[in-house]
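Peer 1: Following is a predicted model, sequence given first.
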Amino acid sequence: MAFFHHIWDQNKNVDLMIQLLFTWKNAEGQLPKEIYTDTLEMFRQQGATTQTIELWKMMQQDRVPMIGRSFGIILNALVSNRDPSVRLFAEQVQQGLGNPNVIDCSQLLKVVPPADIVAILSSRNIHPDERMMVMFSQRCNNPTQLHVVKQLETMCGMQHIETILNMYSKCHSPEDVYRLFPSIKHNKKIADFTKQSILRACTALCQKYTLSGDLRAASLMMESLRQSVVKPDLLLWNVFIKALAPAASSHALLDFLSAMQEDGVAPDPITWVHLAAACEKESLEALKQVHLALEKSHLKPDVILKTALMARYTQFGELESANLIFQTLLAKEKQDPAPWNVMLQAYADVGACTTVFSLFKEMNGVGVVSTRPTWMAILSACQILSSVKKIREIHDLIQNTEYKEDPQLMAKLIKVYARSGDTDAANDVFDRCDAPETRSAMVSALGFQGSISRALEIYCDSVKLDMVTPPLVTAILGACSHAGAVDEAFKIFHALKEKNFPFEPSSFNALIDGLARAKRLDEAEEIARNMDTNAITWMTLLSGCLFARDVVRGERMFARLMQIDPKNSAAYVLMSNIYAKVNRFEDAAQLRAKAKHSNIRRTPGRVWVEVEGKVVHFYTNDQRHPEGDQIRALLKDLFDKLYANGYKHDHDAIHRQFESEEEERAHLCEHAEKLAIGYSLLKSPAQVPIKLV
């Protein structure tokens, strides 16, 4: 031993000492335990971690127990070198090696999986301190470590609760974060990063609740947060309002907006976009209330918010209000195509083709780049005009853009050409761009024209090429329906059903429509009962009942509709008409009274007409128009001439009783379409075509 220490004192050469140890061991067979301990200390002083690990492996072979500082020296060497053997060392510690403390375990945690360290803590009855929990937090940062965090929570209880909560957040387990939240919700000393973890978790939970439709849980969560030291932030409020928008009323959402402001959170443009979106399912009045609240907030709307408001106004047919917002955008944001696209599509939807092309010309004049929605709107206007010359002109423009082979745009072009009667041009587009979208469009176009043979040919080719999509199935079933080829539709339907094809509700609706047209209501109802259908399905069947004068089935369909959509005003109108068609006028009147009592109002029919570049719309029984008396006088004179020349209207289409023939004629003149025609005749020069939308 003395000789060994003498050599060390003279050389301090760790490699030489290792060689001496091997020589000594080979000669003696076993080294004294003290020589290992002394050598480990020598190596520690020199920072010789690699040689320390070699010496530890010799100790393993000789089964030399660790005494004194040996445990800590070997541990530090293994950790410093990140030697793979550290996992073996950790297993031995778990089984009873040495007397580790929390500092030793923290050292191991740097290189050993957290699960192994938790096993050591549990087996050796060691409780982690705050520093070690911070290290755990750094290591447990993905879902694979969630089980480790749960073990730590069991081990620590309420101690280190904030750190555990943050670990759950890092492991993407918002449910566990929210589960622990009540234990600290009133702690005023809660750290900012913990608050952020809670808010992130609650935001994720809100999104989950939205997907599952559990809006009550989302509301309770928000209320719990508002009563704690962790107030909802802007992101969470926006996610929450977006979640409620499809279901909640605009009044309820404005109440949440007030609560948001009470908590000191100022709404941003995204908040208002969600509020405006909520008005889509309600009324124009609701949208105006939201718009007024926005103006009172003094927030300067950005282009996204203004475009959203424009879109909502156009959905209610309020083109003037949308155009006012649009004009404010033109002063600052001329180059953004989104607001231009909204107005183009809005004018196209109401048949204001002259305005569409004028606005498109202005758009090009200021250098705004046309996008897919731009061309979609322009083509919609072309479809209304049914001018092949104009369609080809627009087609040529598209050919010079990046959208010349865009499947969605080409599908629209096929539809427009077909509706204008130019089947050859539609076929040419289809041949140049063969895609699932264009196949569906071509089949629909052929169905519209009654060319069922060609439609079936394209469908069969799609089957061979494995290009059958849900839209194509809807298209071919619809084509068969319009052509009266119900048996062919059934054949296609059952062939796909055997292959477990993922039908969309629209496909069932197309098939049911064909059966209803053929008065095969028993089969239609059987399909509706056994398939994934929606309110449109039952409305289609109810329409079939009107056509077939089937009151009993109609009452059954109406009852089913009331279960799905109890506020469906169109269903009340249809059922009332079914009663009237079989002369059950008292039942029809009672149903109308019930709808009125339940505040279910039919959305009045509305028609747009463009006269001399000005877009005007009319409702049924419209009393607003300043020239209403002249319009009605013109229509009365026109109908008097028609009746004098032998015209008779179809009484089968009238579903009300009138006191006199004069009252009946006056009622027929109040249809929105007739009022629009009367206005056009009053204002338009002779020989000018009248187009209603």
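Peer 2: Sure, I can see it. Numbering: from 1, shown residues only.

Peer 1: what about the longest helix in this structure?
Peer 2: In the chain, assigned by DSSP state H, the helix with the most residues is helix 192-212.

Peer 1: where does the chain have its least confident helix or strand?
Peer 2: When each helix and strand of the chain is scored by mean pLDDT, DSSP states H and E, helix 2-11 comes last, with a mean of 60.

Peer 1: Now His335: phi and psi?
Peer 2: Just to correct that, residue 335 is Gln rather than His. phi -80, psi -10 (degrees, to the nearest 10).

Peer 1: For it, give me its contacts.
Peer 2: Residues in contact with Gln335 (CB atoms under 8 Å, 6 or more residues apart in numbering) are Val366, Gly367, Val368, Val369. All C-beta atoms are positioned from the backbone trio N, CA, C, and that covers glycine.

Peer 1: rerun that using 7 Å as the cut-off
Peer 2: Contact partners of Gln335, counting by CB atoms under 7 Å, 6 or more residues apart in numbering, are Gly367, Val368.

Peer 1: Show the pLDDT at it.
Peer 2: For Gln335, the model assigns a pLDDT of 80.

Peer 1: again with Tyr417
Peer 2: The score at Tyr417 is 91. That number is its pLDDT.

Peer 1: Check this protein and tell me which residue is nearest its centre.
Peer 2: Taking CA atoms, centre = their mean, the centroid of the chain lies closest to Leu211, which sits 9.1 Å from it.

Peer 1: do you know how far that residue is from Lys636?
Peer 2: Computed with CB to CB, to the nearest Å, the distance linking Leu211 and Lys636 is 57 Å.

Peer 1: Count the residues that sit near the residue lying closest to Thr469 once chain neighbours are set aside.
Peer 2: Residue nearest to Thr469 in three dimensions, not counting chain neighbours: Pro436, with 4.7 Å by CB to CB, 6 or more residues apart in numbering. Burial of Pro436 is recorded as 16 neighbouring residues (other CB atoms under 10 Å).

Peer 1: which residues sit in contact with Pro436?
Peer 2: Met467, Thr469, Leu472.

Peer 1: can you check Val93 too?
Peer 2: Per CB under 7 Å, 6+ apart, neighbours of Val93: Pro100, Ile120.

Peer 1: how close does Ala475 sit to Ile384?
Peer 2: 22 Å.

Peer 1: so which strand or helix has Leu180?
Peer 2: Assigned by DSSP states H and E, Leu180 belongs to helix 174-180.

Peer 1: now what about that helix, what contacts it?
Peer 2: Ile161, Ile164, Leu165, Tyr168, Ser169, Ser197, Ile198, Ala201, Cys202, Ala204, Leu205, Met221.

Peer 1: Is it possible to get TSV of these that adds distance to Leu456?
Peer 2: Shown next, in TSV, are the contacts of helix 174-180 (distance: CB to CB, whole Å):
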residue	distance to Leu456
Ile161	68
Ile164	64
Leu165	62
Tyr168	58
Ser169	57
Ser197	59
Ile198	60
Ala201	55
Cys202	54
Ala204	49
Leu205	50
Met221	54
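
Peer 1: What remains of these if I keep only buried residues?
Peer 2: Buried by 16 or more other CB atoms under 10 Å: Ile161, Ile164, Leu165, Tyr168, Ser169, Ser197, Ile198, Ala201, Cys202, Ala204, Leu205, Met221, out of the contacts of helix 174-180.

Peer 1: mind listing the strands for the stretch 551-693 of the chain?
Peer 2: With DSSP state E, counting those that start in this stretch, the ranges of strands along the stretch 551-693 of the chain come out as 606-611, 614-619.

Peer 1: Mind listing what's buried along the last one?
Peer 2: Of the residues in strand 614-619, those scored as buried under the neighbour-count criterion (16+ other CB under 10 Å) are Val615, Val616, His617, Phe618, Tyr619.

Peer 1: wouldn't Gln107 be in contact with Val79 here?
Peer 2: Yes. Taking contacts as CB atoms under 7 Å, Gln107 lies within contact range of Val79: 5.1 Å.

Peer 1: related to what we said a few turns ago, closest one of the buried ones among the contacts of helix 174-180 to Met410?
Peer 2: For the buried ones among the contacts of helix 174-180, the residue nearest Met410 by CB to CB is Ala204; the value is 40.1 Å.

Peer 1: Contacts only, for Val102.
Peer 2: Ile126, Pro128, Asp129, Met132.

Peer 1: how about the closest residue to Met343 other than its chain neighbours, what does it touch?
Peer 2: The shortest distance from Met343 to any non-neighbouring residue, by CB to CB, 6+ apart, is to Phe326 (5.3 Å). The contact partners of Phe326, by CB under 7 Å, 6+ apart, come to Met310, Pro339, Met343.

Peer 1: Gln51: which of these is nearest?
Peer 2: The nearest member of the contacts of Phe326 to Gln51, counting by CB to CB, is Pro339 at 74.0 Å.

Peer 1: Report the rounded mean pLDDT for the helix or strand hosting Asp487.
Peer 2: Here Asp487, judged by DSSP H and E, is contained in helix 486-498. What helix 486-498 shows for mean pLDDT is 91.

Peer 1: so which helix or strand takes in the residue nearest to Leu472 when sequence neighbours are not counted?
Peer 2: Using CB to CB, 6+ apart and skipping the chain neighbours, the partner closest in space to Leu472 is Ser440 (4.5 Å). Element membership for Ser440 (DSSP H and E) is helix 436-449.

Peer 1: Would you mark the buried spots in that helix?
Peer 2: Per 16+ other CB under 10 Å, helix 436-449 contains these buried residues: 436-447, 449.

Peer 1: just checking, next helix/strand downstream of it?
Peer 2: Downstream of helix 436-449, the next assigned helix or strand under DSSP H and E is helix 452-464.

Peer 1: SS state for the residue lying closest to Ala245 once chain neighbours are set aside?
Peer 2: Using CB to CB, 6+ apart and skipping residues adjacent in sequence, the residue nearest Ala245 is Ala278, 3.9 Å away. Three-state call for Ala278 (DSSP: H, G, I helix; E, B strand; the rest coil): helix.

Peer 1: What are the boundaries of the helices in the stretch 201-350 of the chain?
Peer 2: Here the stretch 201-350 of the chain has its helices, by DSSP state H, counting those that start in this stretch, at 215-226, 234-244, 250-262, 269-278, 284-297, 303-315, 319-330, 337-349.
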